[in-house]
Every structure is written in structure tokens, then in C-alpha cells.
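Peer 1: Sequence unavailable; structure follows:
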């Protein structure tokens, strides 16, 4: 499979730019991604794997052409029509014709992004680093424009071109009013997942019908409002008692030390409490602290 070295779209994004700003410059839509697991049959899984292999070969072929052209002639780009070249390649190669046309363009956009990053590093004087060839373990994602080769059916299944209707578990419902722009099919270790890129409009803010109220947070009151309402701190609760500095196992004379289980002879059998080193040290330190506090 041979590709023209610059059979690449001009834009770098995975979708067309969308105007998400209103008149006042405030963000109007939210971009969210929802991930769902798909349950494909063996025949459908084989078709998805074939799609993935075609995209990987197209990516590697375009990268090979780019590297050879750059090494020989240091050419950066030619003014050609990438859509026309891709159509010609689909006519010549039946494997490329098996994949969706716009999905192949998304794969070439990934290569274009890697190419632009390479020239950016060269211009900045950094280590350029050629883009990598993708092995089967490193190329695991297909990008589709929503509605072009992939969509949700009325029965709640995911339709993928050349693969059919695939069972989908919509454990998270899609919000009402959301617009699906992209779909990413990802191959995992044993399963396939689909990521839906959604544009969700921001909800309308609630309008306060009453007078404005200010809030103040203080030490004696948790929250005080300008209309006179206040929430005291620890209202009706008993004050906490200050814990003693003496360890719980020591008495005033320093003759009783108990373990966590309540048995004093568990760790030091055959000895008295007063003769144990830990008892002597802990009780002596507690008596020193108590004498300093009372002095």
C-alpha cells in the first residue's frame, strides 16, 4: 500500500471547529465523553479488528512516505487534494475500500498532528524525534464522525459500517438535548468500548425572585445572613473534654501498664509492671509533664 506523502487534511482537529461562545463570550456548551462497553459477536469482533488493521496500515504507509520524502528532499508539504488521492486509493485497494472514508480521514489527521509536532520541535531546536510506526498493540482506536458509518439504532444498539448492529450497554443515559459529534471505538484486552463525544448545553441558571441576601462566616456563628438569621457553632452540643496528658495505662504511681488486649503479662511474663522499661519511661515522662503544668 502506497500513499502520497502529503495525503493529509489541512485541519488538525478531530472534528470541525464549533462556535461554543455566546454574545458575551461565556462558554455556551460543555464537552463531555461517555464511555460504554459493547458486546460484539465473534463475527462482529473480526470486522472491527479488520477495520483497525486497515487504519493502522494507512497510518504506517503515510508515515513511511513522509519519512522518505523528508530524508531525501526535505520537503514539508505539497498542495494536493487529499480527498481525491484517498478516493483513488480506495478504488485500487479493496482493503482500504472496506473502511469508512471519513474515518480514514480522522486517522490521517492523527498523522498530520504528529507531523506538525515534529516540525515544531525542529524549529524550537529540540530533539525532533520522528513519529512512530504503530504496531498492533499501539494502534487501538478508531475515530468516526457521528452519523457517518456509526450511529445508535432505535433498538438501542450501535451500528458500525461493515460490522452491523452491535449490542450496547447504555448504563449511563445520554442527557436530553445533547449533540453527539464523534465516536471512538477502542479495543481493550478482551473487550471493545465506544466513547461518545457529546456537546451538552449549559442549564439555565435559576432566577432569585426575592431580595439579595449576603452571607458571612464567622467564629461564633457558622453562617450569618443579612436578614438576621444565624447558625451557631456547636448549638446544643456538650463541650469536648480535654484529654489528659498521662497515658491511659499509667497510674499516678506508675505501677499499672496494660496492653491493648487488657493483659499486663502478655509481653513481659514473669515481671512486674513497675520493672518494665516501657512502663517506667512512659509513666516518668507523664509525671514530669504533670509537675510542670501544676508548678
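Peer 2: Ah, there it is. Computed from a predicted model, the values in this text were never measured in an experiment. Residues are numbered from 1 along each chain as shown.
Peer 1: now residue 157: how far from residue 167?
Peer 2: 6 Å (CB to CB, to the nearest Å). Bear in mind the C-beta positions are built from the backbone N, C-alpha and C, glycine included.
Peer 1: Look at these two and report which has more neighbours.
Peer 2: Higher neighbour count among residue 157 and residue 167: residue 157, with 17 against 14, using other CB atoms under 10 Å.
Peer 1: burial count for the nearest residue to that one once chain neighbours are set aside?
Peer 2: Nearest non-adjacent residue to residue 157, counting by CB to CB, 6 or more residues apart in numbering: residue 165, 4.1 Å away. A count of nearby residues for residue 165, using other CB under 10 Å, gives 14.
Peer 1: The stretch 51-200 of the chain: helices as residue ranges?
Peer 2: Along the stretch 51-200 of the chain, the stretches classed as helices by DSSP state H, counting those that start in this stretch are 82-92, 94-98, 101-123.
Peer 1: one step back: and the pLDDT at the residue nearest to residue 157?
Peer 2: Looking at residue 165, its pLDDT is 97.
Peer 1: close enough to count as contact, it and residue 159?
Peer 2: Yes: with contacts counted by CB atoms under 8 Å, residue 165 reaches residue 159, the gap being 5.3 Å.
Peer 1: Could you pull out the residues contacting both of those two?
Peer 2: Common neighbours of residue 165 and residue 159, using CB atoms under 8 Å, 6 or more residues apart in numbering, are residue 153.
Peer 1: Would you mind finding the most buried of the helices of the stretch 51-200 of the chain?
Peer 2: Of all the helices of the stretch 51-200 of the chain, helix 101-123 has the most neighbours on average by mean count of other CB atoms under 10 Å, namely a mean of 17.
Peer 1: Which other helices and strands does that helix contact?
Peer 2: Counting contacts by 3 or more CB pairs under 8 Å, 6 or more residues apart in numbering; DSSP states H and E, helix 101-123 packs against helix 42-73, helix 82-92, strand 141-145.
Peer 1: Strands of the stretch 101-250 of the chain, start to end?
Peer 2: 141-145, 150-152, 158-160, 164-168, 179-187, 192-201, 215-216, 221-225, 230-232 (DSSP state E, counting those that start in this stretch).
Peer 1: Mind putting the ones you listed into JSON lines with distance to residue 130?
Peer 2: What follows is the strands of the stretch 101-250 of the chain, written out as JSON lines (distance: least, CB to CB, whole Å):
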{"stretch": "strand 141-145", "distance to residue 130": "21"}
{"stretch": "strand 150-152", "distance to residue 130": "32"}
{"stretch": "strand 158-160", "distance to residue 130": "32"}
{"stretch": "strand 164-168", "distance to residue 130": "36"}
{"stretch": "strand 179-187", "distance to residue 130": "25"}
{"stretch": "strand 192-201", "distance to residue 130": "28"}
{"stretch": "strand 215-216", "distance to residue 130": "58"}
{"stretch": "strand 221-225", "distance to residue 130": "60"}
{"stretch": "strand 230-232", "distance to residue 130": "64"}
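Peer 1: By mean pLDDT, show me the worst of the ones you listed.
Peer 2: strand 230-232 (a mean of 68).
Peer 1: in this protein, which segments are predicted with low confidence?
Peer 2: Within the chain, the segments meeting pLDDT under 70 span 1-29, 74-84, 231-295.
Peer 1: circling back to that earlier point, what about the helices of the stretch 51-200 of the chain, which gets the closest to residue 73?
Peer 2: Checking the helices of the stretch 51-200 of the chain against residue 73 by CB to CB gives helix 101-123 as the closest, at 14.8 Å.
Peer 1: Now do that closest one against strand 179-187, angle only.
Peer 2: 80 degrees (axes from the mean of the first three to the mean of the last three CA atoms, to 10 degrees).
Peer 1: I'd like the distance between residue 62 and residue 105.
Peer 2: Applying CB to CB to residue 62 and residue 105 gives a distance of 11 Å.
Peer 1: so what's the residue nearest to residue 157 up against?
Peer 2: 153, 155, 157, 158, 159.
Peer 1: Good, we can wrap up now.
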